[in-house]
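Undergrad: Based on what follows, work out the 3D shape:
(4 chains)
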There are 2 protein chains.
Amino acid sequence: MGKRATILDVAKKAGVSKSTVSLVLQNSSLVKQQTRDQVTAAMETLGYVYNRSAAGLRGAASGLIGLIINDLRNPFFTEFAASAQMCFARQGYSTVIANTDEKPDIQAQVIDSMIEHGVSAFVISPTYGGEDRPFDRIERAGIPTMQVLRQVDERTDLFPFASHDYTAGGRLAGEHLIAQGCRKIAFVGGIEDRPITLERMSGYHEAMTAGGLAPQAFYGRPSRAFGRDIALHLAKEHRDIEAAICFSDLVALGMLSGFAEAGIRAGRDFRIVGFDDIEESSIAYPRLSSVRCDSALFGQNAAEAMLAWITAGKRPPDQKRYDVDLVTRQSSLWEERDV
Amino acid sequence: MGKRATILDVAKKAGVSKSTVSLVLQNSSLVKQQTRDQVTAAMETLGYVYNRSAAGLRGAASGLIGLIINDLRNPFFTEFAASAQMCFARQGYSTVIANTDEKPDIQAQVIDSMIEHGVSAFVISPTYGGEDRPFDRIERAGIPTMQVLRQVDERTDLFPFASHDYTAGGRLAGEHLIAQGCRKIAFVGGIEDRPITLERMSGYHEAMTAGGLAPQAFYGRPSRAFGRDIALHLAKEHRDIEAAICFSDLVALGMLSGFAEAGIRAGRDFRIVGFDDIEESSIAYPRLSSVRCDSALFGQNAAEAMLAWITAGKRPPDQKRYDVDLVTRQSSLWEERDV
DNA sequence: CTGAAAGCGCTTACAG
DNA sequence: CTGAAAGCGCTTACAG
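TA: I've put the predicted structure just below:
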């Protein structure tokens, strides 16, 4: 295989100095086109590949973005991560991704490791819990960092936060179900007292209060399995409840499955609205109504915000909430023509 | 924020030479415990972080693994990627992940970029198609590389291939449905003529031939949407077909949804077996029978094989097929007690 | 067990 | 527009 070619080899081949080669690499306008072409040709024939370690040592940006996700298996986060990664890739940035699986110690380890690798920026959907403040290491390293989807560090002036306007989403869902004539509407899923749960519920509370109705919550893991279980539970013990706003589509899809099992017709006997609008929701049966938080778009927005920060120095605002909207489908407004 | 501490600072603080600090970093046994402790303490108080760029320049392994996935949004691959990444992380390796979205040009770009970053190894679930052989750049760079789940380069002596024993899985599924008394059994989903489709079908063909039955295939994208559409199609045009083996669980889950919509009771009126056994299958309604290809375990196995290669020089075998088994659930063997 | 020295492949002022 | 020189923070023989 031989040794990898260096800029010195390229310089010799092209008949210029190595500084010139370096300048070509930076796309500097100091080099005239003809020289540039010679150098490029030499790189081509030598099979030269840029050595980023060497560049990094001398102070150049690594072109590596650290993307840390609390639960990469959840399609909501997968979609976000994949979209952000592809947006970074289009701009020539590579993305180091790590799944922390909601474990603070893994998150701490992964952050340290990425700092060692010299990531130019962090985008983190963090894990809750853990002893010390997880971002302190990052702060010391002075690496631009955005927290997304979950805010765990209050210093948003240091670590700007971006998420969806969940409160508005919960309100839209609540108002919609009330407009459908539902009175007993439950909120299903989400870990009690977590910020996201509180946000998603707060809009629901507002809508219920405005309608003079009493809210009611069934907390639990935001998983299909929980949704299924709660549907079976409601079918047995709470036949009075007419509708549910779910913490996430995963929960809602699980409820769809559970109601099917219990012989209850979702959309008719029981109305359901999910949260997130993942791809599956639009083809489930019945089609699932959901508060759309466009993950793909959000991933792209977050990536672009970060790129603007590290390339143009434009720090994102401390807090940014992206709009959501309600997509109504069969599960909350069955009509005969849908059959 | 000040400048980041270097080994020189640590050495001064600990009252040793910088070589000693470096040795401590390598966990060398040449340094006695007391010295090691002093150095470690100095690193602690200085907030020293290891600079991998510098180390990489001097020839040390980067500790970076390149993981390239053709479709990161598909839970089958997400599960694999997340599991492999976490396995690498446990051994102190960071993982650069890229989703190629089945696009050969993105794959080529991503490979180049990762080579620049000096990844120590590649694990690739490649994209089909594209002009030139995508692995040639890797070969020149001499980076250990495994192709997983899809074989696109015939040189498995250079790029060992690991996957599941799909043929056996198809056979198990076929034999099972025949044993259930089905005669007209279709194969649904998968792009025609792709190696994986051929593998998954071949076992089905074997089983059908052995049973004196005629195979029949409906090709298509391995998505929920396709499964839903084909179920609606079968319900209208092919009421004679009694059962289906699906290319993937995604297709099978889509069929479940489509049959529910068409008023056909999956598991009773029509039997279905999926492929992959993703998490959702065990809680879908009806519970989906599936050929289990344990993605999480496979991801771990692949990661461990790669780690053995780069740390102990043990190259994986040219071809490795991991066993699969059939998990039978309601969708293929409904019985009254299941109700 | 520890220290002094060279060098990995780049980038960055500084001259010319 | 291009060249010579220094140096980024490590690792690696080589002495001691």
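
Undergrad: What residues does the stretch 101-250 of chain A have near DNA strand D?
TA: For the stretch 101-250 of chain A, no residue is in contact with DNA strand D (Cβ under 7 Å from any atom of the strand). Just so you know, the C-beta spots here come from the backbone N, C-alpha and C atoms, and that holds for glycine as well.

Undergrad: just the strands in the stretch 101-250 of chain A please.
TA: Taking DSSP state E, counting those that start in this stretch as the criterion, the stretch 101-250 of chain A contains strands spanning A:121-125, A:145-148, A:161-164, A:185-188, A:217-218, A:243-246.

Undergrad: where does residue A:291 land in three-state SS?
TA: With DSSP: H, G, I helix; E, B strand; the rest coil as the basis, the three-state label of residue A:291 is strand.

Undergrad: what does residue A:97 give?
TA: Using three-state DSSP, the secondary structure recorded for residue A:97 is strand.

Undergrad: Quick check, pLDDT for it.
TA: According to the model's per-residue confidence, residue A:97 sits at a pLDDT of 93.

Undergrad: From the chain's centroid, how far away is stretch A:196-203?
TA: Computed by Cα atoms, centre = their mean, to the nearest Å, the separation of stretch A:196-203 from the middle of its chain amounts to 18 Å.

Undergrad: Determine the longest helix present in chain A.
TA: Using DSSP state H to assign secondary structure, the helix with the most residues in chain A is helix A:295-312.

Undergrad: could you point out which element follows that helix?
TA: Once the chain leaves helix A:295-312, the next helix or strand it forms, by DSSP states H and E, is strand A:319-322.

Undergrad: next SSE after that next one?
TA: Next in sequence after strand A:319-322, counting helices and strands by DSSP H and E, comes strand A:325-327.

Undergrad: which residues are contacting that following strand?
TA: Among residues not part of strand A:325-327, those counted as contacts by Cβ atoms under 8 Å, 6 or more residues apart in numbering or on different chains are A:169, A:172-173, A:176, A:273, A:277, A:281-282, A:289-292.

Undergrad: Direction included, what does it pair against?
TA: Paired neighbours of strand A:325-327 in the sheet (DSSP bridges): strand A:289-292 (antiparallel).

Undergrad: For the strand it pairs with, what is the distance to the chain centroid?
TA: Between the mean C-alpha location of strand A:289-292 and the chain-wide mean there is a distance of 17 Å, by Cα atoms, centre = their mean.

Undergrad: and what of stretch A:280-293?
TA: What separates the centre of stretch A:280-293 from the centre of its chain is 19 Å, taken as Cα atoms, centre = their mean.

Undergrad: Dump it to PDB, restricted to CA.
TA: Below are the C-alpha coordinates for stretch A:280-293, written out as PDB (Å, rounded to 0.1, in the frame of the first residue of the first chain):
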ATOM      1  CA  GLU A 280     -46.200   5.600  10.400                       C
ATOM      2  CA  SER A 281     -49.100   7.600  11.800                       C
ATOM      3  CA  SER A 282     -50.300   8.600   8.400                       C
ATOM      4  CA  ILE A 283     -50.700   5.000   7.300                       C
ATOM      5  CA  ALA A 284     -51.800   3.300  10.500                       C
ATOM      6  CA  TYR A 285     -55.300   2.000  10.700                       C
ATOM      7  CA  PRO A 286     -57.200   4.000  11.600                       C
ATOM      8  CA  ARG A 287     -55.000   7.000  10.400                       C
ATOM      9  CA  LEU A 288     -53.700   8.700  13.500                       C
ATOM     10  CA  SER A 289     -54.400  12.300  14.300                       C
ATOM     11  CA  SER A 290     -51.300  13.900  15.600                       C
ATOM     12  CA  VAL A 291     -49.600  17.100  16.600                       C
ATOM     13  CA  ARG A 292     -47.000  17.500  13.900                       C
ATOM     14  CA  CYS A 293     -43.500  18.300  15.100                       C
END
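
Undergrad: any bit of the longest helix of chain A sitting next to DNA strand C?
TA: No: applying Cβ under 7 Å from any atom of the strand, one finds that helix A:295-312 is not in contact with DNA strand C, the shortest distance being 14.0 Å.

Undergrad: tilt between that helix and strand A:121-125?
TA: Between helix A:295-312 and strand A:121-125, the angle comes out at 150 degrees (axes from the mean of the first three to the mean of the last three Cα atoms, to 10 degrees).

Undergrad: what comes into contact with helix A:295-312?
TA: A:61, A:65, A:76-77, A:79-85, A:87-88, A:91, A:93, A:120-121, A:123, A:144, A:146, A:148, A:160, A:162, A:164, A:276, A:278, A:314-316, A:320, A:322.

Undergrad: Tell me the buried residues within the contacts of strand A:325-327.
TA: Buried members of the contacts of strand A:325-327, counted by 16 or more other Cβ atoms under 10 Å in any protein chain shown: A:169, A:172-173, A:176, A:273, A:277, A:281, A:289-292.

Undergrad: Can you tell me the element residue A:84 falls in?
TA: Assessed by DSSP H and E, residue A:84 sits inside helix A:75-90.

Undergrad: Quick check: buried residues in stretch A:233-244?
TA: So, applying 16+ other Cβ under 10 Å, buried residues of stretch A:233-244: A:234-235, A:241-244.

Undergrad: With stretch A:42-62 instead?
TA: Within stretch A:42-62, the residues scored as buried using 16+ other Cβ under 10 Å are A:42-43, A:46, A:48-57, A:62.

Undergrad: so which of those residues also contact chain B?
TA: A:49-54, A:56-57, A:62 (Cβ under 8 Å from any Cβ of the partner chain).

Undergrad: would you list those in CSV and tack on pLDDT?
TA: Formatted as CSV, those follow (pLDDT from 0 to 100):
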residue, pLDDT
A:49, 89
A:50, 91
A:51, 91
A:52, 90
A:53, 89
A:54, 91
A:56, 87
A:57, 87
A:62, 89
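
Undergrad: Return the subset of those residues lying in helices.
TA: Using DSSP H, A:52-54, A:56-57 are the members of those that sit in helices.

Undergrad: and DNA strand C, which of the buried residues of stretch A:42-62 reach it?
TA: A:48, A:50-51, A:54-55, A:57.

Undergrad: Cheers, nothing more for now.
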